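Engineer: Can you look at this prediction? I've put the sequence above it.
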Amino acid sequence: MADAVAAIDCGSNSTRALIVDGYGQALAREMNITRLSEGVDASGLLLREAMGRTFDVLLNYRRACDDARVSKGLLVATSAVRDATNGSMFLDTARDIVGFEARILRGDEEAAYSYAGATDDLDPVVTPTMIVDIGGGSTELAVELDGVLVSYSMQLGCVRVTERALGRGVVTRASDEATRSMIERELDRAFAAEPAFHDVVANVRLVGLAGTVATLAQLDANVTVYDRDVVHHRTLSRSSVQHWRDLLARETPDERLGHPGMVLGREDVLPAGLYVLDAVMGRFNVDQLLSSENDILDGITSSLARA
């Protein structure tokens, strides 16, 4: 039997791990809000406190990997570490903690792993499948056309949009307008950089990944305790996206925590993620998306198992 493998994703808002056995079965899926990107957009640096929170979680993940006798693993860092001038220092320490390879992913690499993970268990359809992966610092769009993956990484993560435009509290008219403008500019850049995106407008199956979409799925389902079977492959309408965006925008972060399904640590940044999600759905003229709990971690572990 093949040995267990592990993937760790040091994202801008959360740090997550997946350990898979030799049969491809998940032994552990873990997620912790660490907000690694705190202050990066303004200072260009990973803050010591944010790195400390992440290192503490990585120590726990290392113990889980040792318990599972993981033989091979990969830790990846994405937007926050890509953007920080001290990102290499963070990565060196992270590598020492987990004891296996660690590297910063380019936006196209992040999109490729995410696309592979999210689409592996989907039923085939005639129309192209596009993923929208809303992270803390960036949002990846990726679609396979004629056997080629077309992708673009937008500087539109839920933490970045919150810090730069929307704010953490009740949304004002000015912050609403600034947020919409910021998102539309980035979507314009994406369509200019990848003209093929025009070819799938109103003709694409949209699959949403990561914390914004997962939390929306829980809110939509009105479930207090996370249930993967409820969230994974749940169909979400654009009207639901807009409903929750507008409702949460009128509330304070503490008030948002009162909704069944809200995840502690996302209450201040979820509205920004929903602004991004709604704008993507609008630009591609789709009324529904499919939530996927399979993502970059699944893409990485599959790649490690094949290597």
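Structural biologist: Okay, I see it.
Engineer: domain assignment for the protein?
Structural biologist: 4-105, 123-291 (automatic domain parsing).
Engineer: Now tell me what touches the lowest-mean-pLDDT helix or strand in the chain from outside.
Structural biologist: One helix or strand of the chain scores below all others by mean pLDDT, DSSP states H and E: helix 40-43, with a mean of 83. Residues from elsewhere that reach helix 40-43 (CB atoms under 8 Å, 6 or more residues apart in numbering): 12, 46-47, 80, 83-84, 137, 159-160, 163-164. (C-beta placed from N, C-alpha, C; glycine too.)
Engineer: closest to residue 299 out of the domains of the chain?
Structural biologist: domain 4-105 (8.2 Å; CB to CB).
Engineer: buried stuff in stretch 186-202?
Structural biologist: 186-187, 190-191, 194, 197, 200 (16 or more other CB atoms under 10 Å).
Engineer: ok, now stretch 9-28?
Structural biologist: For stretch 9-28, by 16+ other CB under 10 Å, it's 9-21.
Engineer: How about stretch 175-189?
Structural biologist: Using 16+ other CB under 10 Å as the test for burial, stretch 175-189 gives 175-176, 178-179, 182-183, 186-187.
Engineer: How about stretch 295-307?
Structural biologist: 295-305.
Engineer: What I need now is the buried residues of stretch 9-28 written out in CSV, including distance to residue 124 for each item.
Structural biologist: What follows is the buried residues of stretch 9-28, written out as CSV (distance: CB to CB, whole Å):
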residue, distance to residue 124
9, 27
10, 33
11, 29
12, 32
13, 32
14, 31
15, 33
16, 28
17, 30
18, 25
19, 29
20, 24
21, 27
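Engineer: Of all pairs in those residues, which one is the farthest apart?
Structural biologist: Longest span within the buried residues of stretch 9-28, CB to CB: 12 and 21, 29.2 Å.
Engineer: ok, so what distance separates the closest residue to residue 87 other than its chain neighbours from residue 183?
Structural biologist: Leaving aside its sequence neighbours, residue 87 sits nearest to residue 81 (CB to CB, 6 or more residues apart in numbering; 4.0 Å). Distance from residue 81 to residue 183, counting by CB to CB, to the nearest Å: 23 Å.
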